[in-house]
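>>> what follows is a predicted structure for the sequence shown.
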Amino acid sequence: MLYLLAPSGRMSWAATAAAATDVDPSTLDWTPAEDRADETMIRIALRRGAAVYGGIVVDGAVISDHHLSRRLVDTRDDARGARERMSVGYAERATAGAGESREAERELREHEAGAALGRSRSVVADSLSEIAADAALVAHWRRLGGHVPHPL
């Protein structure tokens, strides 16, 4: 899979086994992605992408860890919101022992999710620190009107 990051923040994806540097992006069938490019994705693209007509193409595997961390954060936040909405009515029905048991299970799940999120963020941070941004990609991105995150 390849992702095309546009300076507007829009992303598109194309299902292909080809590497970003091995394919003519104009020959691919691009589908708009649900997510928008955030600063971390742009930082990754400026290190590992390929300049194309409308932005930067990046191999999906390169940004998959960042996607995972974003999904984990969204899932964690959704779960916390749902738990808070349910807690008032649920507390009235639960016995003290059952409530404590469920609270312990919830805390364990949150701890496990936090650990997975930490590992995913660590992989992304390591990836960003290992490779410097490509000056030609940064210049290309700026020419297209793209925002260059600071720090890069």
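Thanks, I have it. Residues are numbered from 1 along each chain as shown.

>>> show me the helices in the chain, by range?
39-48, 60-93, 96-130, 135-143 (DSSP state H).

>>> any idea how far Ala51 is from the residue nearest to Ala37 when sequence neighbours are not counted?
Excluding its sequence neighbours, the residue lying closest to Ala37 (CB to CB, 6 or more residues apart in numbering) is Leu5, at 4.6 Å. Yep, even glycine has a C-beta here, placed from its N, CA and C like the rest. Going from Leu5 to Ala51 by CB to CB, to the nearest Å gives 11 Å.

>>> just Asp59 next, same as before
From Asp59 across to Ala51, the span is 14 Å (CB to CB).

>>> more neighbours, those two?
Asp59 (20 against 17; other CB atoms under 10 Å).

>>> the more buried one pairs with what?
Leu2 (DSSP bridges).

>>> that one against Val23, yeah?
No: with contact defined as CB atoms under 8 Å, Asp59 does not count as touching Val23 (10.5 Å).

>>> His147 and Ala45 touch, don't they?
No: using CB under 8 Å, His147 makes no contact with Ala45, being 12.0 Å away.

>>> between the two, which is the more surrounded one?
Between His147 and Ala45, Ala45 has the larger neighbour count (other CB under 10 Å), namely 28 against 13.

>>> residue contacts, Leu4?
Applying CB atoms under 8 Å, 6 or more residues apart in numbering to Leu4 gives the contacts Met11, Ser12, Trp13, Ala14, Pro25, Trp30, Val52, Gly54, Gly55, Ile56, Val57.

>>> for Glu103, report the pLDDT, please.
Note for Glu103: predicted pLDDT of 71.

>>> neighbours around it, how many?
Residues contacting Glu103 under the criterion other CB under 10 Å number 13.

>>> swap in Ala37?
Ala37: 25 neighbours (other CB under 10 Å).

>>> ok, now which ones touch it?
When the contact criterion is CB under 8 Å, 6+ apart, the partners of Ala37 are Leu5, Ala6, Gly9, Arg10, Met11, Ala45.

>>> again, only using 7 Å
Leu5, Gly9, Met11 (CB atoms under 7 Å, 6 or more residues apart in numbering).

>>> same question for Ala6.
Gly54, Gly55.

>>> separation between it and Ile44?
15 Å.

>>> I'd guessed Arg142 sits against Val148; true?
Yes: Arg142 is within contact range of Val148, at 6.2 Å (criterion: CB atoms under 7 Å).
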